[in-house]
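Novice: Below are the sequence and a predicted model for it; my questions follow.
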Amino acid sequence: MKMNLPALLAGRYLRSRKSHSAVGAIAAVSVAGMAVATAAIVCVLSVFNGFHQSIGERLDTLAPDVLVEPAQGKVFADAEAVASKASRVKGVAVATPTLADNALVLLQGREMPVYLMGINPADYARTTSITELIDPKEGKYLKAGLDRGLPESVISIGVARQIGALPEDNLLIFAPKRKGKVNMANPLTSFITDSLYVSGMFRAMQNDYDENRIMVDLPTARRLFQYDTEASSLHVAVTPGADPADVAQRLATELGPKFTVKDRLRQQEMDFRMIEIEKWVSFLLLGLILLIASFNIISTLSMLVLEKEDSLATLSAMGMSRRRIGSVFAWESFMVSATGGLAGIALGLVLCLLQQHFGLIKIGDGTSTIMSAYPVLVKPLDLLATLVPVMLIGALTAGITARFAKSRIA
């Protein structure tokens, strides 16, 4: 009981009626300021977590579980042999080569540069969710071979909008020749041309894929880009239950240093890294705001020390040491900081849950963006991280207040 005396006195001082109403009002404002700043930290960290999760979910559409690319150059030879070797690695369900490069598409006088990608339609559908991205009202997924005498293609929504292409249209595609000299008198001879039949249109809801992508079968892409057995990447799907990171490591060992192997997260490493950097920079800035809010706590407790000077003199006369008297106000500082911090965390959790279920705060007008409302995801480790500056500020204000209280003892 004796050891808890400073804490008991601190609690009583906090609950007791103040002789000056301003002291109580300032104390309430201090706790509220601490709570609001803490709630802001919880909400901001949760929003960044939400964006991180949203990007990860969007990668499930057209990003493979594991991507294999040449360590040097744009393409690698004997793609089918490399794919066969990769498919024998434990945890690999399917490995399919793809070939991609830039081209130019033309339709009724409208033209645009595109990213033309050659795929094996059946295997590519097993490594991605491409078939789920094509609305039946907007055509169908492509198949190998010819349709109406032309190679089939599926186009992204961005290509459809910019050149006005629709399913069943015929596109004229131009790919620059890799071999031979350029004839300046007749520039068209510097391109390999072909016509494509548009079988369908896809929407990945991700700018990298939706902006300018066209997919054709792999033989058509090789003919346009003048390749024989080459490919620019392998798209790998892992077996159910397998860890893509582990499979990627085994593939890197099996294929050797000539290839770069990336799991799904590493394919968007820069995006995830920027989100993490922005998240913790925001955490530091809000921590500084929390530190500024602590100045109110110091001023409030300093006024409380002045108000309780008679009580301090009484405690000193009863034999309580200066150190223990100072610890009374140190406990009081911890109580104020903890009350504000815990209240802020509770408030932040409530706001995050409301945003998660009802989408109260919209992004833009809610119709022109992929996500209509800010995504949120609360992580327990972030709540613990939020408590760290609260406790540090509590310790800082406790030390300052205790020192001031000891200086007021006659």
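Specialist: Ah, there it is.

Novice: Could you use CA atoms for every contact and neighbour count after this?
Specialist: Noted.

Novice: partners of whatever helix or strand residue 117 lives in, with directions?
Specialist: Using DSSP states H and E, residue 117 sits within strand 110-119. Paired neighbours of strand 110-119 in the sheet (DSSP bridges): strand 92-107 (antiparallel), strand 213-217 (parallel).

Novice: Measure how far the helix or strand following that strand is from the centre of its chain, please.
Specialist: For strand 110-119, the succeeding helix or strand toward the C-terminus, using DSSP H and E, is helix 121-127. Distance of helix 121-127 from its chain centroid, counting by Cα atoms, centre = their mean, to the nearest Å, is 27 Å.

Novice: Against which helices or strands is helix 121-127 packed?
Specialist: strand 92-107, strand 233-238 (3 or more Cα pairs under 8 Å, 6 or more residues apart in numbering; DSSP states H and E).

Novice: Among those, show me which one is buried the most.
Specialist: Ranked by mean neighbour count under mean count of other Cα atoms under 10 Å, these are led by strand 233-238, which reaches a mean of 26.

Novice: pLDDT averaged over stretch 245-258 - what is it?
Specialist: Averaged across stretch 245-258, the pLDDT comes to 95.

Novice: my bad, stretch 146-166
Specialist: Stretch 146-166 comes out at a mean pLDDT of 90.

Novice: what about it, start to end distance?
Specialist: Stretch 146-166 has an end-to-end distance of 18 Å (criterion: Cα to Cα, to the nearest Å).

Novice: Could you do stretch 308-328 as well?
Specialist: With Cα to Cα, one end of stretch 308-328 sits 11 Å from the other.

Novice: chain center to it, what's the gap?
Specialist: Between the centre of stretch 308-328 and the centre of its host chain there is 53 Å, according to Cα atoms, centre = their mean.

Novice: Next, the buried residues of it.
Specialist: 308, 312, 315-316, 322, 324-328 (16 or more other Cα atoms under 10 Å).

Novice: from those, which ones fall inside helices?
Specialist: Filtering those for membership in helices, criterion DSSP state H, returns 312, 315-316, 322, 324-328.

Novice: Could you tell me the end-to-end distance of stretch 62-76?
Specialist: With Cα to Cα, one end of stretch 62-76 sits 22 Å from the other.

Novice: Including distance to residue 172 and pLDDT, could the ones in helices among the buried residues of stretch 308-328 go into JSON lines?
Specialist: Listed next are these as JSON lines, based on distance: Cα to Cα, whole Å; pLDDT from 0 to 100:
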{"residue": "312", "distance to residue 172": "90", "pLDDT": "75"}
{"residue": "315", "distance to residue 172": "93", "pLDDT": "76"}
{"residue": "316", "distance to residue 172": "94", "pLDDT": "78"}
{"residue": "322", "distance to residue 172": "89", "pLDDT": "81"}
{"residue": "324", "distance to residue 172": "87", "pLDDT": "83"}
{"residue": "325", "distance to residue 172": "87", "pLDDT": "80"}
{"residue": "326", "distance to residue 172": "84", "pLDDT": "81"}
{"residue": "327", "distance to residue 172": "82", "pLDDT": "83"}
{"residue": "328", "distance to residue 172": "83", "pLDDT": "83"}
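
Novice: Report all helices and strands that the helix or strand residue 294 falls within contacts.
Specialist: For residue 294, the element it lies in under DSSP H and E is helix 269-307. Applying 3+ Cα pairs under 8 Å, 6+ apart, we find helix 269-307 packed against helix 21-58, helix 322-358, helix 380-407.

Novice: contact partners of stretch 49-64?
Specialist: For stretch 49-64, the surrounding residues in contact (Cα atoms under 8 Å, 6 or more residues apart in numbering) are 127-130, 133, 204-206, 209, 235-237, 264-265, 272, 275, 374-379.

Novice: One more pass at 6 Å, please.
Specialist: 127-129, 235-236, 375-377 (Cα atoms under 6 Å, 6 or more residues apart in numbering).

Novice: any chance of the residues you listed in CSV, plus pLDDT and distance to residue 360?
Specialist: Shown next, in CSV, are the contacts of stretch 49-64 (pLDDT from 0 to 100; distance: Cα to Cα, whole Å):
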residue, pLDDT, distance to residue 360
127, 93, 36
128, 91, 33
129, 89, 30
235, 96, 39
236, 96, 39
375, 90, 11
376, 92, 11
377, 93, 15
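
Novice: ranking those by neighbours, who comes first?
Specialist: residue 236 (31 neighbours; other Cα atoms under 10 Å).
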